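**Student:** Below is the sequence, then the predicted model.
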Amino acid sequence: MGGRADAELAKLDPDELRAQLSARLKTLPSDAYLRCVAAFVAEYQRLYHVSGLPEALYRIVDAIVALAARAAAGMPVHDAANALDREFTELTYPGLEDDDATQPYDGPLPMDVYKACGAVLWELTNEAHRYDSAGNITDGAAGYDDPHDWLAATRLLLKFLDRADREAGGETSTGPGDVEEERTTANGSIDEHRGAAGPLRSMVTGPLTARRARPDDLHVVLELLDRTAAWLHSQGIPAWLTWPDRQDAVAASIGRGEVWLLGTATGDVAATATLSTADPGPGLWAEGDRRVAATHLSRLAVRPDFLGQGVGAQLLDWASVRAYRDGSFFLRIAAWPRLPGLHAYLRRQGFRELWTVAGPPATSRTLFVRHAAPNDTVVRITEEPGPTLLTTQRVELEPDDARPAQGPEPDHAHVARQLRSEHGIPIRIVPGYRYRLRDTDDGWRVEAAKYVRWQPGNRIATVDGLALDHDRDYVLTHHESSPCGVEIVTVQRNST
């Protein structure tokens, strides 16, 4: 495949290229497949380089590449692969116990390199696994971000497809020499980067923390948006967030508590996003959609030198759970329509593309939606401050208590004695359900979420010890903690 103009590359869908690559790999003979796999991991080692990684991790990735090349040459690798797999697990999950096998991976190796290496080892430890992990191995190409090239993932996928085509045509060596040479070249490139004045990208250290932006954070938010806009402009993407009253609009969003900052363990601001539960008004979303409680995500910006480390994916996972806790049924994004790379990325993060609203470039948008995730979903972002818990009493579940239609059967309920119905009965909160306190024409009522609607419930006659604002809604959800409890979240009121 020869070089292509950016305008032509921009029309290609990275998801479709990835599917083609995965399918192509599965048609190759085992030796050709393994040479491709080894070459791909060597390329990931180079492209996903971050500063400050332990040397042992560089060495073990080198060893995985070399082992795949030896397997391609017909050498026995089973015992070496098992030993390497144990060492890889210890390095990436230090101290892992059997009952911790489901804990989320948290670095320090970049996620896409970790997935590819683990997939290769899975195949090398047992020949019966051959071709099983082609999709996982190619994920790193589809998800690759380069702060200097917005088409980097497309270029990498085409490069890998070209490699697979050459292998299919018998144009590459049948021995490990080519792969070893590529590994040496990749390592030389990494060494150059290690000695350069600055790293390819800044490494995200430790867990990420989300907090609401304060008024004095306005300059931080604007600076991050400006850096992202400048990077997008350098990639040939039209002007973004440059309307005249931008500063006032962002300040107003901060004042409403809609703007969030994502920080690293070292205090760096890695990303920002705006989450709003307000009705977006007519224009983009259909009238029926506007009647469903949803959180709209906008002004998402990841610091360019933090790209390629899963920051955006983690933020979207957290935003989906945050939407649930805010009483929303969906997380929605209105994206620019002429960015197939962004659209493919959103689809990989679990969003469903709905339709494109036609119009001038400034107003045309492609709409994406993802279900809000229950608040027991595992996310790798902590929130500051922590949740506000309602004082409740844990009690046994009664036969007439409602059971959630999905999820595990709860074994208890919580009684909120501060909230009593007009008949004097305390409100019961069952795990798996969401509840909302809302001031209506006939007083406060507790509503329950059912399907994608809030269903009217009992009128609340007594609200003891709670300072409730008539212009706000209050969402109650079960909080998985030790001991568990009920979280109460204040949200902006809308018509849904």
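**Tutor:** Thanks, I have the structure now. Numbers count the residues shown, from 1 in each chain.
**Student:** Output the lowest mean pLDDT helix or strand found in the chain.
**Tutor:** The weakest-scoring helix or strand in the chain, judged by mean pLDDT, DSSP states H and E, is helix 177-195 (a mean of 40).
**Student:** Next secondary structure after it?
**Tutor:** strand 208-212 (DSSP states H and E).
**Student:** Which other helices and strands does the helix or strand Ala42 falls within contact?
**Tutor:** Using DSSP H and E, Ala42 maps to helix 30-47. Contacts defined by 3 or more C-beta pairs under 8 Å, 6 or more residues apart in numbering; DSSP states H and E place helix 30-47 against helix 14-26, helix 55-72, helix 111-124, helix 134-142, helix 152-168, helix 177-195. Quick note: C-beta positions are derived from backbone N, CA and C, even for glycine.
**Student:** Gln455: which of those helices is closest?
**Tutor:** Closest approach to Gln455 among these is made by helix 14-26 (37.7 Å; C-beta to C-beta).
**Student:** by contact count, what packs against the closest one?
**Tutor:** Here helix 14-26 touches helix 30-47, helix 134-142, helix 152-168, helix 340-348, going by 3+ C-beta pairs under 8 Å, 6+ apart.
**Student:** pLDDT (mean, whole number) over that helix?
**Tutor:** Averaging pLDDT along helix 14-26 gives 88.
**Student:** Give me the buried positions along it.
**Tutor:** Across helix 14-26, burial judged by 16 or more other C-beta atoms under 10 Å covers Pro14, Asp15, Leu17, Arg18, Gln20, Leu21, Ser22, Arg24, Leu25.
**Student:** again, but for stretch 454-462
**Tutor:** Buried, per 16+ other C-beta under 10 Å, within stretch 454-462: Trp454, Gly457, Asn458, Ile460.
**Student:** now the first one, what's its secondary structure?
**Tutor:** By that I understand Trp454. Recorded secondary structure, Trp454: strand (DSSP: H, G, I helix; E, B strand; the rest coil).
**Student:** want to try TSV for the helices and strands packed on helix 30-47, with distance to Gly386 as columns?
**Tutor:** Output for the helices and strands packed on helix 30-47, formatted as TSV (distance: least, C-beta to C-beta, whole Å):
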stretch	distance to Gly386
helix 14-26	37
helix 55-72	33
helix 111-124	26
helix 134-142	33
helix 152-168	37
helix 177-195	39
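**Student:** For Asp464, which of these is the nearest?
**Tutor:** Taking C-beta to C-beta, helix 111-124 is the member of the helices and strands packed on helix 30-47 nearest to Asp464, at 47.6 Å.
**Student:** So what angle separates the directions of the closest one and helix 134-142?
**Tutor:** 160 degrees (axes from the mean of the first three to the mean of the last three C-alpha atoms, to 10 degrees).
**Student:** okay, the angle between helix 111-124 and helix 30-47?
**Tutor:** Relative orientation of helix 111-124 versus helix 30-47 (the same axes, to 10 degrees): 160 degrees.
**Student:** List the neighbours of helix 111-124 that are in contact with it.
**Tutor:** Contacts to helix 111-124, defined as C-beta atoms under 8 Å, 6 or more residues apart in numbering, come from residues 37-38, 40-41, 44-45, 48, 60-61, 64, 67-68, 71, 77-78, 81, 84-85, 88, 92, 105, 109, 129-133, 136-137, 139-140, 143-144, 308-310.
**Student:** Are any of those buried, and if so which?
**Tutor:** By 16+ other C-beta under 10 Å, the contacts of helix 111-124 give 37-38, 40-41, 44-45, 48, 60-61, 64, 67-68, 71, 77, 81, 84-85, 88, 92, 109, 130, 133, 136-137, 139-140, 143-144, 308-310 as buried.
**Student:** Could I get the contacting residues of Ser133?
**Tutor:** Ala119, Val120, Trp122, Glu123.
**Student:** How much space separates the nearest residue to Tyr131 once chain neighbours are set aside from Arg163?
**Tutor:** Leaving out its chain neighbours, the residue that sits closest to Tyr131 by C-beta to C-beta, 6 or more residues apart in numbering is Lys26, at 4.9 Å. Using C-beta to C-beta, to the nearest Å, we find Lys26 at a distance of 15 Å from Arg163.
**Student:** Counting neighbours, what do you get for Thr477?
**Tutor:** Neighbour count for Thr477, taken as other C-beta atoms under 10 Å: 25.
**Student:** Quick check: it touching Arg325?
**Tutor:** Yes: judged on C-beta atoms under 8 Å, Thr477 makes contact with Arg325 at a distance of 5.8 Å.
**Student:** Just the element for the residue most central in space within the chain, please.
**Tutor:** Nearest to the geometric centre of the chain sits Ala313, at 1.9 Å (C-alpha atoms, centre = their mean). Taking DSSP H and E as the definition, one finds Ala313 inside helix 311-325.
**Student:** residues making contact with that helix?
**Tutor:** Residues from elsewhere that reach helix 311-325 (C-beta under 8 Å, 6+ apart): 204, 208, 210, 262, 270-271, 273, 275, 294-295, 297, 300, 302-303, 330-331, 345, 349-350, 370-375, 377, 379-381, 383, 434, 475, 477, 487, 489.
**Student:** Give the helix, strand or coil label for the residue in the chain sticking out farthest from the centre.
**Tutor:** What lies farthest from the middle of the chain is His423; by C-alpha atoms, centre = their mean that is 45.4 Å. Using three-state DSSP, the structure places His423 in coil.
**Student:** What average pLDDT does the helix or strand hosting Trp444 get?
**Tutor:** Using DSSP H and E, Trp444 sits in strand 443-450. For strand 443-450, the mean per-residue pLDDT is 86.
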